[in-house]
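> next input, structure requested:
(chains A and B)
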Amino acid sequence: AQSVTQLGSHVSVSEGALVLLRCNYSSSVPPYLFWYVQYPNQGLQLLLKYTTGATLVKGINGFEAEFKKSETSFHLTKPSAHMSDAAEYFCAVSPPYSSASKIIFGSGTRLSIRP
Amino acid sequence: DAGVIQSPRHEVTEMGQEVTLRCKPISGHDYLFWYRQTMMRGLELLIYFNNNVPIDDSGMPEDRFSAKMPNASFSTLKIQPSEPRDSAVYFCASSWRGQGNTIYFGEGSWLTVV
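From the prediction side, this is the model:
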């Protein structure tokens, strides 16, 4: 069975500071990994995903994440936070070569940006 | 391209009333999902369809909830009768197996039962 854990339900950083949102997964095989973002009063939208190949994945809005098999992690980073990054971020995992019905979402991390 | 379209965006209804939420998935997608999001329980998968056929409804909380997908471009989630604890945001989402499991979400239907 797969699972995903997001460390920290709420993260607050200053504008211009590094953003680091943590995600660890459990899977018996190398999974597909996703980060979704949910802005206030909106649905979730895909930020980036890892399926195969390069372990450093770049997404929209300057975010990136690195798949580290040895650490079973897929942390999300952005070098410099912007006020518009304030949102809820969800890490998700699914078995490879399966359907989206197998996706498991984490509990989410709310990112706040201090002026 | 149009994304997943949900209606209504907001609904306030009285306890005991029937609520129908509607969804139009992205054209060409063969999977459709209904999720519920609350502060207490987070994001929950209620039911999903593949090629218009319900595959897994184990997440549907009670018999008061039902979902249909009469064709590839339309689905409904119905709650009858509604209760205050059904207040939540209901998301419809769709996916195509060939896209590496990416799920595309609608904007959500914000339901308040008073």
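> who does A:Tyr89 form a beta bridge with?
A:Val37, A:Thr109 (DSSP bridges).
> so which strand or helix has the residue positioned nearest the centre of chain B?
Taking CA atoms, centre = their mean as the criterion, B:Trp34 is the residue nearest the geometric centre of chain B, at 3.1 Å. Using DSSP states H and E, the element containing B:Trp34 is strand B:31-38.
> what mean pLDDT does that strand get?
Mean pLDDT, computed over strand B:31-38, is 96.
> what does it contact?
Identification of contacts with strand B:31-38 by CB atoms under 8 Å, 6 or more residues apart in numbering or on different chains yields A:99-101, B:23, B:25, B:43-50, B:67, B:69, B:75, B:77, B:87-97, B:103, B:105, B:108. From N, CA and C alone the C-beta is placed, and that goes for glycine too.
> so of those, which ones are in helices?
Using DSSP state H, no member of the contacts of strand B:31-38 falls in helices.
> picking up where we left off before, with just CA atoms, put the strand holding B:Trp34 into PDB.
Output of strand B:31-38 as PDB, limited to C-alpha atoms (Å, rounded to 0.1, in the frame of the first residue of the first chain):
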ATOM      1  CA  TYR B  31     -12.000   9.000 -15.900                       C
ATOM      2  CA  LEU B  32     -14.200  11.200 -13.800                       C
ATOM      3  CA  PHE B  33     -13.900  11.700 -10.000                       C
ATOM      4  CA  TRP B  34     -16.000  13.300  -7.300                       C
ATOM      5  CA  TYR B  35     -14.100  14.500  -4.300                       C
ATOM      6  CA  ARG B  36     -15.200  16.200  -1.100                       C
ATOM      7  CA  GLN B  37     -13.100  18.600   0.900                       C
ATOM      8  CA  THR B  38     -13.600  19.700   4.500                       C
END
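> about what we covered before: which residue, other than its chain neighbours, is closest to the residue nearest to the centre of chain B?
B:Leu46 (4.4 Å; CB to CB, 6 or more residues apart in numbering or on different chains).
> surely the one you found touches B:Ala67?
Yes. With contacts counted by CB atoms under 8 Å, B:Leu46 reaches B:Ala67, the gap being 7.2 Å.
> residues shared between the contacts of those two?
Shared contacts of B:Leu46 and B:Ala67 (CB under 8 Å, 6+ apart): B:Trp34, B:Asp57, B:Met60, B:Leu77.
> need the buried ones from those selected in ChimeraX.
Applying 16 or more other CB atoms under 10 Å in any protein chain shown to these, the buried members can be selected in ChimeraX as follows:
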select /B:34,60,77
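> nearest to B:Ser7, of the shared contacts of B:Leu46 and B:Ala67?
Set against B:Ser7, the nearest of these by CB to CB is B:Leu77 (11.5 Å).
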